[in-house]
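Peer 1: Structure of the sequence below:
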Amino acid sequence: MSDDNDSGGIIGTIISVLILAAIWPYLLALLGIYIAYMVVLAILAWIAENWILTISFIAGILAIYCIFKYKLVSNARKYVFAKAQPNAIEVRLDGLPGSTERKFIPSTNLYCYWCTKKLGMRAWEMNGKYFCRDCYENKLGLN
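Peer 2: Down below sits the predicted model:
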């Protein structure tokens, strides 16, 4: 009686194990590719069923990206505070609206409290100290 399932004995078994050891990374790679393919198909099927939710999610991510990329919150804050703060007022010495005399003229010796830049007709006063526009905005946190 001869056995038809004989794989060549011990030498055949050793060769089979060596071949399997040599190709097992490729078999695992093929299995991983197949699993990734099935996952992508499942994701695409879910997107096809829930496309409104998907578009809303993508729009939300894009909005968050734009908020941080273009610093929209800080720009909006600066805009609101710039509109809310009073503008520099040219104070007339005689108090009449048509007068040409001003409290601050370019030839005065009034300097900014922080940067010591010479102040002209536009000066901001805060707590009895005079500031140029840049220092005034920095002190309020607008820049």
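Peer 1: Going by C-alpha atoms from here, please, whenever you check contacts or count neighbours.
Peer 2: OK.
Peer 1: So what touches the helix or strand of the chain with the lowest mean pLDDT?
Peer 2: Lowest on mean pLDDT, DSSP states H and E among the helices and strands of the chain sits strand 124-126, with a mean of 74. With Cα atoms under 8 Å, 6 or more residues apart in numbering as the contact definition, strand 124-126 has outside contacts at Ala88, Tyr130, Phe131, Cys132, Arg133, Tyr136.
Peer 1: so where does the most centrally placed residue in the chain fall, helix or strand?
Peer 2: Residue closest to the mean C-alpha point of the chain, counted by Cα atoms, centre = their mean, is Phe68 at 2.4 Å. Using DSSP states H and E, Phe68 falls within helix 51-69.
Peer 1: re earlier: contacting residues around the residue nearest to the centre of the chain?
Peer 2: If a contact means Cα under 8 Å, 6+ apart, then Phe68 has no contacts.
Peer 1: could you pull out the helices for this structure?
Peer 2: With DSSP state H as the criterion, the chain has helices at 9-49, 51-69, 72-84, 133-140.
Peer 1: which of the ones you listed has the lowest average pLDDT?
Peer 2: Lowest mean pLDDT within the helices of the chain: helix 133-140, a mean of 77.
Peer 1: I'd like to check the angle between it and helix 72-84, please.
Peer 2: 120 degrees (axes from the mean of the first three to the mean of the last three Cα atoms, to 10 degrees).
Peer 1: now helix 133-140, how far from the chain's geometric center?
Peer 2: Centroid separation for helix 133-140 versus its chain: 26 Å, with Cα atoms, centre = their mean, to the nearest Å.
Peer 1: Give me the contacts around that helix.
Peer 2: Around helix 133-140, the neighbours that count as contacts under Cα under 8 Å, 6+ apart are Cys112, Trp114, Cys115, Arg122, Ala123, Trp124, Asn143.
Peer 1: The fourth one contacts Cys132, correct?
Peer 2: The one in question is Arg122. Yes: in this structure Arg122 lies within contact range of Cys132 using Cα atoms under 8 Å: 7.4 Å.
Peer 1: hmm, back to that, tell me the most buried of the helices of the chain?
Peer 2: helix 133-140 (a mean of 15; mean count of other Cα atoms under 10 Å).
Peer 1: Can you show me the CA trace of that one as PDB?
Peer 2: Below are the C-alpha coordinates for helix 133-140, written out as PDB (Å, rounded to 0.1, in the frame of the first residue of the first chain):
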ATOM      1  CA  ARG A 133      -1.900 105.800  18.400                       C
ATOM      2  CA  ASP A 134       0.300 102.700  18.300                       C
ATOM      3  CA  CYS A 135       1.100 102.700  22.000                       C
ATOM      4  CA  TYR A 136      -2.500 103.400  22.900                       C
ATOM      5  CA  GLU A 137      -3.700 100.400  20.800                       C
ATOM      6  CA  ASN A 138      -1.000  98.200  22.300                       C
ATOM      7  CA  LYS A 139      -2.000  99.300  25.800                       C
ATOM      8  CA  LEU A 140      -5.600  98.300  25.200                       C
END
